[in-house]
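Q: how would this look folded up:
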Amino acid sequence: MTLLQRFRFLFRQSVAPNPVGVSSVPIPTVPALINPSSTELLTNPLPAYTPEPLPDWLADEESLRDEGVLFGLSDARPDGKLAQIRAFFARQVAPLDDLVDEHTEKIGELNLFLEQRENRITILRDQISDMRDSQPTQNYLIRTVASLVFSVGMCVGNFYLIDETLHPVLPNRWIAVGVFLAGMFNLFGRTSFFYEDSPRLSSRRILAEVGLPLATSVFVLAQAIQTQSISQAIALFAFVLFLFLFAGNLLLSTLTTLQTDLTIIRANRQLIQTKEQNLPVWEVEIDRLSREIDAIRAQKWPIVTTLNHTQADISRLNSRRDELVNLFLSEFELARSLRDRLSEQQRKLIMND
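A: From the prediction side, this is the model:
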């Protein structure tokens, strides 16, 4: 007969006919702790943990009940015994807490690697999508070349017209070249107000664009009057003036358009080369990163499983600690509440037994 049973038997005989007992629901023993999984990363294996065996006074619930009864019948406080129980389980939980921290840190590192690769895959997929959506820009090279040929033809015709007009009076052809270039001087301007929607005109700008063509046309008119009729000379004046004003700007505009078309053609060729070179490389890199992500996840999930098992072991140990603490306190409080109902001789008899 244990101390608790003798105490209950004595109390039933001396105090009351009805039994007053403590719940006797069986409490399972502390299960063996799960060691770190063998599927952990072999590059950094975690040490196995063996739990410290329970001392006899904790392993035997009846002994712990007797301890609670003795403390309850005496004047001793239960704080010291409770501190011993908690300290023992704290020693058992401490290595598991270290394992949890180590697993959590390793999982954090793997999550960082996963995030980096997933972000890189997202960037590559966006680049692939943008590259595939990019289409060659349309150009008008044939039309531009034709326009350039026509512009050059008009300028050449204008030169020969001026040359034929000046030749009877000024037979030196270099004079005709000079007059032609002077009339075409406005082609060196950046833009012409004739092609602007809302030009800001000033006398200086008008003089710069119209002055030399007008003066050259007047000079041609003066020479043409000497060899041609007035009507022919005036028609020649008007024709040459408008050729000077518009042909030069048309020629420059066509050259600029030709340059733009050539740039577009080079860009289209570069786009095609970039697609041929980069798209396969990016797709291969996405496949490689996807395999790395699968490999990292294969490393991560065993660690997550081990972490969950370790946390479950910590919870079981804490639950076992609370059960033993409650068991001791329940017996202590029961004995303390019944202590005053027993005589001094009965208390000594129980404690001596």
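
Q: switch to C-alpha atoms for all contacts and neighbour counts from now on
A: OK.

Q: residue ranges with poor pLDDT in the protein?
A: For the chain, applying pLDDT under 70 flags the ranges 1-51, 185-202, 204-206, 208, 248-249, 339-353.

Q: If we use 50, what do you get?
A: 1, 3, 7, 9-46 (pLDDT under 50).

Q: What ranges does it have for its helices?
A: With helices called from DSSP state H, the chain shows them at 3-14, 56-59, 61-73, 79-133, 141-166, 173-183, 203-227, 230-242, 248-339, 344-352.

Q: and among those helices, the most buried is which?
A: Highest mean neighbour count among the helices of the chain (mean count of other C-alpha atoms under 10 Å): helix 61-73, with a mean of 21.

Q: can you give me the angle it makes with helix 248-339?
A: Inter-element angle recorded for helix 61-73 and helix 248-339: 70 degrees (by axes from the mean of the first three to the mean of the last three C-alpha atoms, to 10 degrees).

Q: what's helix 61-73 packed up against?
A: helix 3-14, helix 56-59, helix 248-339 (3 or more C-alpha pairs under 8 Å, 6 or more residues apart in numbering; DSSP states H and E).

Q: can you do 10 Å?
A: If contacts are counted by 3 or more C-alpha pairs under 10 Å, 6 or more residues apart in numbering; DSSP states H and E, helix 61-73 sits against helix 3-14, helix 56-59, helix 79-133, helix 248-339, helix 344-352.

Q: how about it as CSV, C-alpha atoms only?
A: What follows is helix 61-73, C-alpha atoms only, in CSV (Å, rounded to 0.1, in the frame of the first residue of the first chain):
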residue,chain,number,x,y,z
GLU,A,61,3.6,8.9,-10.8
GLU,A,62,2.8,7.3,-7.5
SER,A,63,6.1,8.5,-6.0
LEU,A,64,5.2,12.0,-7.2
ARG,A,65,1.8,11.8,-5.7
ASP,A,66,3.4,10.7,-2.4
GLU,A,67,5.7,13.7,-2.6
GLY,A,68,2.7,16.0,-3.1
VAL,A,69,1.0,14.4,0.0
LEU,A,70,4.0,14.8,2.2
PHE,A,71,4.5,18.4,1.2
GLY,A,72,0.8,19.0,1.8
LEU,A,73,0.9,17.5,5.3
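
Q: how distant is it from the center of its chain?
A: Remark: helix 61-73 is offset 61 Å from the chain centroid, using C-alpha atoms, centre = their mean, to the nearest Å.

Q: Now residue 337: closest residue in space that isn't a chain neighbour?
A: Of all residues beyond its chain neighbours, the one nearest residue 337 is residue 72 (8.0 Å), with distances taken as C-alpha to C-alpha, 6 or more residues apart in numbering.

Q: how near is the one you found to residue 79?
A: Residue 72 sits at a distance of 12 Å from residue 79 (criterion: C-alpha to C-alpha, to the nearest Å).

Q: Quickly list what's touching both of these two.
A: Residues within reach of residue 72 and of residue 79 at once, by C-alpha atoms under 10 Å, 6 or more residues apart in numbering, are residue 329.

Q: re the thing from before, could I get the helices and strands packed on helix 61-73 as a markdown table with distance to residue 217?
A: Output for the helices and strands packed on helix 61-73, formatted as a markdown table (distance: least, C-alpha to C-alpha, whole Å):
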| stretch | distance to residue 217 |
| --- | --- |
| helix 3-14 | 134 |
| helix 56-59 | 121 |
| helix 79-133 | 54 |
| helix 248-339 | 14 |
| helix 344-352 | 138 |
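
Q: Please identify which of those helices is closest to residue 219.
A: Nearest of these to residue 219, taken as C-alpha to C-alpha: helix 248-339 at 18.6 Å.

Q: starting at the chain centroid, how far to the closest one?
A: Offset of helix 248-339 from its chain centre (C-alpha atoms, centre = their mean): 9 Å.

Q: Show me what it packs onto, helices and strands only.
A: Counting by 3+ C-alpha pairs under 10 Å, 6+ apart, helix 248-339 packs on helix 3-14, helix 56-59, helix 61-73, helix 79-133, helix 141-166.

Q: Of these, which is nearest residue 178?
A: Per C-alpha to C-alpha, nearest to residue 178 of the helices and strands packed on helix 248-339: helix 141-166, 10.0 Å.

Q: what domains does the record give for the chain?
A: As given by automatic domain parsing, the domain ranges for the chain are 3-17+27-35+50-133+313-352, 141-192+202-289.

Q: Output the ones you listed as TSV; include the columns distance to residue 298.
A: TSV is the format used below for those (distance: least, C-alpha to C-alpha, whole Å):
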stretch	distance to residue 298
domain 3-17+27-35+50-133+313-352	10
domain 141-192+202-289	14
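
Q: wait, which of those is closest to residue 303?
A: Nearest to residue 303 among the domains of the chain is domain 3-17+27-35+50-133+313-352; the distance by C-alpha to C-alpha comes to 6.4 Å.
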